[in-house]
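attaching a predicted model along with its sequence, questions to come.
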Amino acid sequence: MPPLHHASLLDTVQEASSIKLNNRIYDMQAAGVDVVTLSLGEAFFDLPVPSFEGLPASRLHHYSHSRGLPLLREKLAKYHASTTGVPVDPDHEILVTAGSKAAIFMVLTALLEPGDEVIIPEPLWVSYPDQVRLARGVPVMTPWYDTVEDFASYITSRTRAIVVNNPHNPSGRRLGAEELRTLHELADRHGLFLIADEAYHEFVPEGVEFVSALVLDPEKRHTVVCNSMSKNYGISGWRIGYVLAHRQLTDQLIKLQQHLVTCAPTILSYYLAEHFENILEHTRPQIQRVVSLRNRMARMLAERGVECLPGDATFYLFTSLGASRLDSEEFARELLDRHRVAVVPGVGYGASCGGFVRVSVGTESEERLVRGVSAVASLIEETR
Ligand code: PMP
């Protein structure tokens, strides 16, 4: 058969590197290989299998409001108002969709003209640059060692937005209030949008402050927050994410939503709206456990002379390969082949990140985690 034609736009994007790697691990596990999996982008929680008992049976199987179920929007608005102090209008300033991945893509599609530039700090979440390309924009990456003050030097007349992930996958860093102020000033001065992906915002140590980007722009003049129930609620497979933004933007996003997904999954939205507070109560202690596990693993690596980028949040460590002679892809391959431990090569997080690997502590028992993290430290020592 002759090769099928595909749009050349797709030649500019790649499969998401971490997802591709995890597909290989699923195959190995299916073949009976025991892999210590430090490569998954989620934390597994102990959650009850949902019962849809008591929900309006006649509505659960069907399409629902394309802005999101009104009760779910109300709960989300209240939750964000109480955690940030910023009022959110559930009727106009929220759009619930099929995961924050879809939310970010819709926002980029709604904001960019062809050729518009979007500043993306490395280490970057793998989907940002390709989503910008799919929205006909141009991703402009900044290296991992740049600070928010350095972003100004990347701004051109075509720059339309800056994307930040806070707290940060893969480093676990939280942006401080001063850094956020600098970003808002840049957005104001240059007429940019600040797209803040806050999908991990519950994953901060107890007693430590998380500052949402909304706090410094409560009117949402230039701030768009993309968020998700995937991580905080431990339900990544449910595909529920949302956007908090000015109504002028959500009025545009709703068109994309209606032509792409219609509505977020109805049955799950009903369940979440009904059990909103209970689920969070159930996951919060588990979130705290995984965050403190993250910080214990960081200390363990530090004791073996292995450094990670600074951070105290999420369940990720962006671990430096230090003096290892292997690049991040060779390292991850060697670690999998020799030690049966899976991590994600840093190069997937940007060209400046080839000297790192991402370690996730979210899905393994502590005993297996210690084994996996020790193997990372040992392989760094062995390949010096
Ligand atoms: N943003 C970041 C930084 C992520 O790590 C992820 C998932 N790995 C997402 C967004 C997407 O999450 P979801 O689509 O499940 O809401």
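Good, I have the coordinates.

centroid residue for this structure?
With distances taken as C-alpha atoms, centre = their mean, residue 199 lies nearest the centre of the chain, 5.3 Å away.

ok, that residue touching residue 226?
Yes - applying C-beta atoms under 8 Å as the test, residue 199 and residue 226 come out as touching, 7.2 Å apart. Every residue, glycine included, has its C-beta placed from N, CA and C.

give me the neighbour count for residue 322.
15 (other C-beta atoms under 10 Å).

what do you get for residue 335?
Neighbour count of residue 335, defined by other C-beta under 10 Å: 26.

just to revisit the earlier point, quick one, what contacts the residue nearest to the centre of the chain?
Residue 199 makes contact with 100, 165, 169, 226, 227, 228, 230, 231, 232, 241, according to C-beta atoms under 8 Å, 6 or more residues apart in numbering.

ok, back up a step: which residues are common contacts for residue 199 and residue 226?
Contacts common to residue 199 and residue 226, judged by C-beta under 8 Å, 6+ apart, are 100, 241.

would you turn the contacts of residue 199 into JSON lines with neighbour count?
As requested, those are arranged in JSON lines below (neighbours: other C-beta atoms under 10 Å):
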{"residue": "100", "neighbour count": "25"}
{"residue": "165", "neighbour count": "25"}
{"residue": "169", "neighbour count": "28"}
{"residue": "226", "neighbour count": "26"}
{"residue": "227", "neighbour count": "24"}
{"residue": "228", "neighbour count": "26"}
{"residue": "230", "neighbour count": "22"}
{"residue": "231", "neighbour count": "26"}
{"residue": "232", "neighbour count": "22"}
{"residue": "241", "neighbour count": "23"}
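
let me know the closest of those residues to residue 357.
residue 169 (13.6 Å; C-beta to C-beta).

near the ligand too, which of the contacts of residue 199?
Restricting the contacts of residue 199 to those near the ligand by C-beta under 6 Å from any ligand atom leaves 100, 165, 169, 228, 230, 241.

helix or strand: which one has residue 96?
Take DSSP states H and E as the rule and residue 96 turns out to sit in strand 94-97.

that should have said residue 370, apologies.
Under the assignment here (DSSP H and E), residue 370 is part of helix 366-382.

name the residues that touch that helix?
Here helix 366-382 makes contact (C-beta under 8 Å, 6+ apart) with 36, 38, 293, 297, 300-301, 304-306, 319, 321-324, 331, 334-335, 338-339, 341, 343, 357, 359, 361, 364.

may I have that helix as PDB, with CA atoms only?
What follows is helix 366-382, C-alpha atoms only, in PDB (Å, rounded to 0.1, in the frame of the first residue of the first chain):
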ATOM      1  CA  GLU A 366       8.600   2.900  49.900                       C
ATOM      2  CA  GLU A 367      10.700  -0.300  49.900                       C
ATOM      3  CA  ARG A 368      10.700  -0.600  46.100                       C
ATOM      4  CA  LEU A 369      11.300   3.200  45.800                       C
ATOM      5  CA  VAL A 370      14.400   3.000  48.000                       C
ATOM      6  CA  ARG A 371      15.600   0.200  45.700                       C
ATOM      7  CA  GLY A 372      14.900   2.300  42.600                       C
ATOM      8  CA  VAL A 373      16.500   5.500  43.900                       C
ATOM      9  CA  SER A 374      19.600   3.600  45.100                       C
ATOM     10  CA  ALA A 375      19.900   2.100  41.600                       C
ATOM     11  CA  VAL A 376      19.900   5.600  40.200                       C
ATOM     12  CA  ALA A 377      22.600   6.700  42.600                       C
ATOM     13  CA  SER A 378      24.700   3.500  41.900                       C
ATOM     14  CA  LEU A 379      24.500   3.900  38.100                       C
ATOM     15  CA  ILE A 380      25.600   7.500  38.300                       C
ATOM     16  CA  GLU A 381      28.600   6.300  40.400                       C
ATOM     17  CA  GLU A 382      29.400   3.400  38.100                       C
END
